[in-house]
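Participant: Next comes the sequence, and after it the predicted model I'd like to discuss.
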Amino acid sequence: MKPPHPFLRAWQDDDLPRFQALHADPDIAYWLGGALSPDLAAQAFERDRKFLFENQWGVWVVQDPAGKLVGAAGLQPVRSDLPFHPGVEATWRLHPAARGRGLITEAMRAVLQDGFARLDVPEIVTFTSSTNLASQRVMGRLGFRRDQTRDFLHPKLPVDHPLRPHLFFALGRPAPDLPGGR
């Protein structure tokens, strides 16, 4: 299976401990509403891996230029408990030490292009808490536009959780190239 960008690759058996560590990292876990237990992370790992293998699109390993696993990025079906289900969601997480190098922006540009080529969807969506300014900046660099009419309170977070208010962003399908033109 060929990933859409050189910074990406498919999950391998020996990636499980790094996947678990990534989802237990306090800085990453904070924005995801809490750390995943090793068992829940193992279930998510198998789910992501199986989906990617069966569909040839999904969530990929993000590697730094030296080939070290530093994150996860890709596309996934929108969960059924979210108000904009069904759909396709862009998602990413990156180890704090690997941030600020453009790895996610560069890889996700390729993922989005590949997603629109493979999937018959009018848009790809993403969302984040109202306070996650770093992710909002990445969304802007990728061309996502905020749609305030679809902002929501995340149903998996308690009513008083500070990350519960979420902002919704969408990226519409690019217009097809005009034949013989610009």
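Facilitator: Sure, I can see it.

Participant: By mean pLDDT, flag the weakest helix or strand of this structure.
Facilitator: The least trusted helix or strand in the chain, going by mean pLDDT, DSSP states H and E, turns out to be helix 26-31, with a mean of 91.

Participant: buried ones in that one?
Facilitator: Ile28 (16 or more other C-beta atoms under 10 Å). For every residue, glycine as well, the C-beta is placed using N, CA and C.

Participant: Quick check: which ranges of this structure have low pLDDT?
Facilitator: 177-182 (pLDDT under 70).

Participant: Find out how far the least confident helix or strand of the chain is from the centre of the chain, if you would.
Facilitator: Chain-centre distance of helix 26-31: 15 Å, with C-alpha atoms, centre = their mean, to the nearest Å.

Participant: Which helix or strand lies directly C-terminal to it?
Facilitator: Using DSSP states H and E, the next helix or strand after helix 26-31 towards the C-terminus is helix 38-55.

Participant: which element follows that next one toward the C-terminus?
Facilitator: Next along from helix 38-55, by DSSP H and E: strand 59-63.

Participant: which other helices and strands contact that following strand?
Facilitator: On a contact count with 3 or more C-beta pairs under 8 Å, 6 or more residues apart in numbering; DSSP states H and E, strand 59-63 meets strand 8-9, helix 38-55, strand 69-77, strand 88-94, helix 103-118.

Participant: mind redoing it with 10 Å?
Facilitator: If you count contacts as 3 or more C-beta pairs under 10 Å, 6 or more residues apart in numbering; DSSP states H and E, strand 59-63 packs onto strand 8-9, helix 16-24, helix 38-55, strand 69-77, strand 88-94, helix 103-118.

Participant: All good on my end, thank you.
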